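In: Build me a structure from this.
(one chain, ligands or ions: 1)
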Amino acid sequence: MELPQIVMDEITTINWDPKFHIITKTYDDFVRTFCVCNHGFVVEEVYDNFMGVNGHSMRDKLSDNTNFAFLVRVELTEPIENTSDYALSIATITNNLGGGKPILQRLGDLKKGRRSTWTRLEKSNIIPTFDCVTHGDIAMALPHRIVVDIIEGLEALDKVLPGVASDSTLLYAPEIKLYSMRLEMDKNMKTKIEGLYAVGDGAGVSRRIVGAAATGIIAARDIIKKIDF
Ligand SMILES: Cc1cc2nc3c(=O)[nH]c(=O)nc-3n(C[C@H](O)[C@H](O)[C@H](O)COP(=O)(O)OP(=O)(O)OC[C@H]3O[C@@H](n4cnc5c(N)ncnc54)[C@H](O)[C@@H]3O)c2cc1C
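Out: The predicted model follows:
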């Protein structure tokens with residue numbers, strides 16, 4: 001999502017990276033904000049098979065916009081559990097539709113069921129910070145359930161931050177986050193294999209920098225206990 005910084009100022013002056021967790025009306029799904037980039041820039045994120053988007057803020061160069069990821073949590077049970085495959089197939093189809101580039105669409109166009117064009121984008125009160133995109137229709141690429149979740153999630157967020165769900169809000173796709181399976185281990189991060197500890201995202205026990213670091217400290221404390229100084 002990318003929108004004018006002024007829309008987010010009221011909350012980001014209190015908390016630089018606010019986390020909103022929303023349960024959507026239609027599907028009862030979990031949607032959340034992630035990685036709020038104040039005065040930030042949307043950037044490309046190149047994977048082996050597709051190009052997604054991400055965001056960052058810089059110390060000396062400020063834009064007039066805020067961007068953040070808006071993520072719908074997907075859990076699968078049977079016959080497949082592999083959400084990574086599912087996410088990658090969505091990302092691939094999105095890239096195919098975008099001719100190898102991410103798709104950019106205004107929220108108003110998404111709701112009206114039409115693709116965005118540069119002419120329509122120019123009429124908005126926001127200038128995209130990332131232009132290596134194809135203006136298109138995200139509803140052609142993302143599953144209906146995810147599109148509904150995104151629209152309903154933004155409408156819920158709009159009640160707290162008026163303007164978030166404005167027609168001019170920009171959506172870039174695909175943005176996906178993949179998580180590892182969680183290994184079996186005890187509360188000290190020790191696996192069943194003697195002497196082997198697993199920590200961080202790869203072990204499936206964290207999803208962010210501080211969490212990953214904390215799991216490393218927990219393991220290190222347990223290892224230190226066993227060392228005879
Ligand atoms: C684009 C992006 C944006 C993110 N933004 C945020 C954010 O704003 N805030 C936040 O809190 N978190 C963010 N995260 C998540 C955060 O980066 C991770 O949760 C965190 O880095 C996990 O730390 P880690 O040490 O477990 O794993 P990593 O940081 O992935 O470290 C694993 C290391 O192991 C190395 N490695 C892999 N295989 C081998 C091997 N065989 N031999 C030797 N070395 C190997 C890798 O090169 C890597 O350096 C973001 C992640 C991504 C991808």
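In: which other helices and strands contact the helix or strand containing Glu152?
Out: Glu152 is part of helix 144-160 when elements are defined by DSSP states H and E. Here helix 144-160 touches strand 21-23, strand 30-37, strand 65-72, helix 107-112, going by 3 or more CB pairs under 8 Å, 6 or more residues apart in numbering; DSSP states H and E. Backbone N, C-alpha and C define where each C-beta goes, glycine included.
In: quick one: contacts for the closest residue to the ligand within the chain?
Out: Closest residue of the chain to the ligand, CB to the nearest ligand atom: Gly200 (2.2 Å). Listed by CB atoms under 8 Å, 6 or more residues apart in numbering, the contact set of Gly200 reads 206, 212, 215-216.
In: Next: Trp118.
Out: His135.
In: before we move on, the earlier item: got the contacts of Gly200 as a markdown table, with pLDDT, neighbour count and distance to the ligand columns?
Out: Below are those laid out as a markdown table (pLDDT from 0 to 100; neighbours: other CB atoms under 10 Å; distance: CB to the nearest ligand atom, whole Å):
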| residue | pLDDT | neighbour count | distance to the ligand |
| --- | --- | --- | --- |
| Ser206 | 90 | 19 | 6 |
| Ala212 | 95 | 16 | 3 |
| Thr215 | 97 | 20 | 8 |
| Gly216 | 97 | 15 | 7 |
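In: And these, which is closest to Asp149?
Out: Ser206 (24.6 Å; CB to CB).
In: Angles on the backbone of that closest one, please.
Out: Dihedral pair for Ser206: phi -150, psi 160, per degrees, to the nearest 10.
In: Surely it and Ile217 touch.
Out: No. Between Ser206 and Ile217 there is no contact under CB atoms under 8 Å: 11.5 Å.
In: Tell me which helix or strand comes right after the lowest-mean-pLDDT helix or strand in the chain.
Out: Each helix and strand of the chain was given a mean pLDDT (mean pLDDT, DSSP states H and E); the minimum falls on helix 118-122 at a mean of 88. Sequence-wise, the next helix or strand downstream of helix 118-122 (DSSP H and E) is strand 134-135.
In: And the contacts of that following strand?
Out: By CB under 8 Å, 6+ apart, strand 134-135 touches 97-99, 101-105, 115-118, 120-121.
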